[in-house]
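Colleague: can't give you the sequence, but here's the structure:
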């Protein structure tokens, strides 16, 4: 199988083509640096992403609290994490770095707050 990638690791944004069978890489062409080759290998074998999203927050100066995973997670978990964030409600106040879900879905990554939200009195 042949696939084309645009590398996102460095500013070169190399157009990289790869020939592979399942997860066995046969040939990589177009990478201007080793980082590009590593990026493509990872995308074929185990693509990882940082999840970013938001969670509803009540009694705060904002209605949504931005969240992210503190480490990259396998790409196949992105929809599950997004669904989980849609189900959550937080009570203000929340602090940057506050862990909302430790070890989400049994992974070695926590879901954390990335925006401070103050409690407001009603």
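Modeller: Yep, that arrived. Everything quoted here is computed from the prediction, not taken from an experiment.

Colleague: from here on, just use CA atoms for contacts and neighbour counts.
Modeller: Will do.

Colleague: in space, what's closest to the most centrally placed residue in the chain - neighbours in sequence excluded?
Modeller: By C-alpha atoms, centre = their mean, the chain has its centre lying nearest to residue 50, at 1.7 Å. Excluding its sequence neighbours, the residue lying closest to residue 50 (C-alpha to C-alpha, 6 or more residues apart in numbering) is residue 72, at 4.4 Å.

Colleague: how much space separates the one you found from residue 78?
Modeller: Distance, residue 72 to residue 78, using C-alpha to C-alpha, to the nearest Å: 10 Å.

Colleague: common neighbours of those two, please.
Modeller: The contact sets of residue 72 and residue 78 overlap at 49, 51 (C-alpha atoms under 8 Å, 6 or more residues apart in numbering).

Colleague: which ones are touching the closest residue to residue 68 other than its chain neighbours?
Modeller: Once flanking residues are discounted, residue 68 sits nearest to residue 52: 4.3 Å by C-alpha to C-alpha, 6+ apart. Residues in contact with residue 52 (C-alpha under 8 Å, 6+ apart) are 66, 67, 68, 69.
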